[in-house]
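Asker: Here is the input, now give the coordinates:
(one chain, ligands or ions: 1)
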Amino acid sequence: MTSPEGHAAHCIFDEIVAGRAPTHKIYEDKDTLAFLDLFPITRGHTLVIPKRHVDRLTELRENEYEDLFRTVVTVCRRVERLTKDYNVAINQGRLAGQLVFHLHFHIIPRYNTPGPFAISPRTRIREDEAQAVLADLGDVSE
Ligand code: AMP
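Answerer: As a prediction, this is how the structure comes out:
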């Protein structure tokens, strides 16, 4: 089975939702999940997804908007413990830079580093870095 974009049905984010792929989870409820980006653009780069697989924003059902956006805001509050400056972004379609065809919001903290749209090399997050970021993001209830 392929998506309208022509991508194979196997989806790494579905694997994360199913608990078959490892991740650094920062928030989860019945319908949504947030976890650290494996190749962060900046420290604390987080992704928020609906658990139900959709490739695109326009495939969401109206009754899914609220839960998903609530999780985005919840995660933004936690990212604000790192910095008040961040981008919230969705890459939609291959030409817009979408690589994983499971809808996701990026929350990308910005520090006093090169401009938000400067391209910089990305390396896989180290386990100790991930644990330190998780500690700084704190608990959802704090
Ligand atoms: P996009 O280019 O908008 O599709 O972004 C996909 C994002 O998913 C990139 O920032 C990747 O670093 C990230 N990513 C890919 N695989 C994983 C994974 N297994 N766990 C966490 N993030 C991932």
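
Asker: what's the helix or strand for the spatially most central residue of the chain?
Answerer: If you average the C-alpha coordinates of the chain and look for the closest C-alpha using CA atoms, centre = their mean, you land on Leu47, 0.7 Å from that point. Counting by DSSP states H and E, the element that carries Leu47 is strand 46-50.

Asker: Which strands and helices lie in contact with that strand?
Answerer: Here strand 46-50 touches strand 32-36, helix 62-79, strand 105-109, going by 3 or more CB pairs under 8 Å, 6 or more residues apart in numbering; DSSP states H and E. No exception for glycine: its C-beta is placed from N, CA and C like everyone else's.

Asker: Within range of the ligand, give me the residues from this protein.
Answerer: Within the chain, the positions lying close to the ligand (CB under 6 Å from any ligand atom) are 12, 21, 23, 35, 37-39, 47, 91, 97-100.

Asker: Just the buried residues of those.
Answerer: With burial judged by 16 or more other CB atoms under 10 Å, the buried subset of the residues of the chain next to the ligand is Thr23, Phe35, Asp37, Leu38, Leu47, Gln98.

Asker: can you name the two of the residues you listed that are farthest apart?
Answerer: When these are compared pair by pair using CB to CB, the two farthest from each other are Thr23 and Gln98, 19.1 Å apart.

Asker: circling back: quick one: which of the residues of the chain next to the ligand sit in helices?
Answerer: Cross-referencing these against helices under DSSP state H gives Ile12.

Asker: The residues of the chain next to the ligand into CSV, with extra columns for pLDDT and distance to Gly115?
Answerer: Putting the residues of the chain next to the ligand into CSV (pLDDT from 0 to 100; distance: CB to CB, whole Å) gives the following:
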residue, pLDDT, distance to Gly115
Ile12, 98, 29
Ala21, 97, 33
Thr23, 97, 29
Phe35, 98, 26
Asp37, 98, 19
Leu38, 98, 23
Phe39, 97, 19
Leu47, 98, 22
Asn91, 97, 18
Gly97, 94, 17
Gln98, 96, 22
Leu99, 96, 22
Val100, 98, 25
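
Asker: quick check, nearest of the residues of the chain next to the ligand to Ile119?
Answerer: Ile119 lies nearest to Gly97 out of these, by CB to CB, at 10.9 Å.
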